[in-house]
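Student: sequence below, structure please.
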Amino acid sequence: MAIVGMAALFPGAGDLDGYWRNIVGGVDAITEVPAGRWDEEFYVPEGPGRADRVYCRRGGFVDEGAAYDLTRFGVMPASVAGAEPDQFIALEVADRAVRDAGGYGALPADRQRGGG
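Tutor: Okay, the predicted model is just below:
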């Protein structure tokens, strides 16, 4: 099977149009850490190397465009607690790519034949 569609979610580009605008415009989407993004006590720029510390103040953040509605995918609320948000974001972006390929996401799907 081939999906002839595209979707994107990158820092500074919550969708495919934003991605292409950033590419064409040469946008540097790496920014200072947004206020409240992480606990300051873990920022130790001169401290000894530890896995539970942060050593930089810049990064790529995808707050815009990273929203998802799991109910439209049939994900039950009880399943959410044991999963990573990245999984749900990937599901949302994959759905956008399928829709971009010709609107196939609007077709009814046989959920009994899907893997999981």
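Student: number of nearby residues for residue 92?
Tutor: 19 (other C-beta atoms under 10 Å). From N, CA and C alone the C-beta is placed, and that goes for glycine too.
Student: mind checking how far it is from residue 8?
Tutor: Distance, residue 92 to residue 8, using C-beta to C-beta, to the nearest Å: 12 Å.
Student: and residue 23, what are its phi and psi?
Tutor: phi -60, psi -50 (degrees, to the nearest 10).
Student: report pLDDT for it.
Tutor: Residue 23 is assigned a predicted lDDT (pLDDT) of 96.
Student: low pLDDT regions in the protein?
Tutor: 1-3, 103-116 (pLDDT under 70).
Student: find the centremost residue of it, please.
Tutor: What sits nearest the mean C-alpha location of the chain, by C-alpha atoms, centre = their mean, is residue 89, with 4.3 Å.
Student: what residues are up against it?
Tutor: 9, 62, 66, 68 (C-beta atoms under 8 Å, 6 or more residues apart in numbering).
Student: wait, which of the residues you listed is closest to residue 30?
Tutor: residue 62 (12.0 Å; C-beta to C-beta).
Student: so the closest one is in which element?
Tutor: Counting by DSSP states H and E, there is no helix or strand that carries residue 62.
Student: what's the burial count for it?
Tutor: Neighbour number of residue 62 under other C-beta under 10 Å is 14.
Student: got the contact list for it?
Tutor: By C-beta under 8 Å, 6+ apart, the contact set of residue 62 is 9, 10, 11, 14, 89.
Student: same list (those) but as JSON lines, adding secondary structure and distance to residue 50.
Tutor: Putting the contacts of residue 62 into JSON lines (DSSP: H, G, I helix; E, B strand; the rest coil; distance: C-beta to C-beta, whole Å) gives the following:
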{"residue": "9", "secondary structure": "coil", "distance to residue 50": "30"}
{"residue": "10", "secondary structure": "strand", "distance to residue 50": "29"}
{"residue": "11", "secondary structure": "coil", "distance to residue 50": "26"}
{"residue": "14", "secondary structure": "coil", "distance to residue 50": "33"}
{"residue": "89", "secondary structure": "helix", "distance to residue 50": "28"}
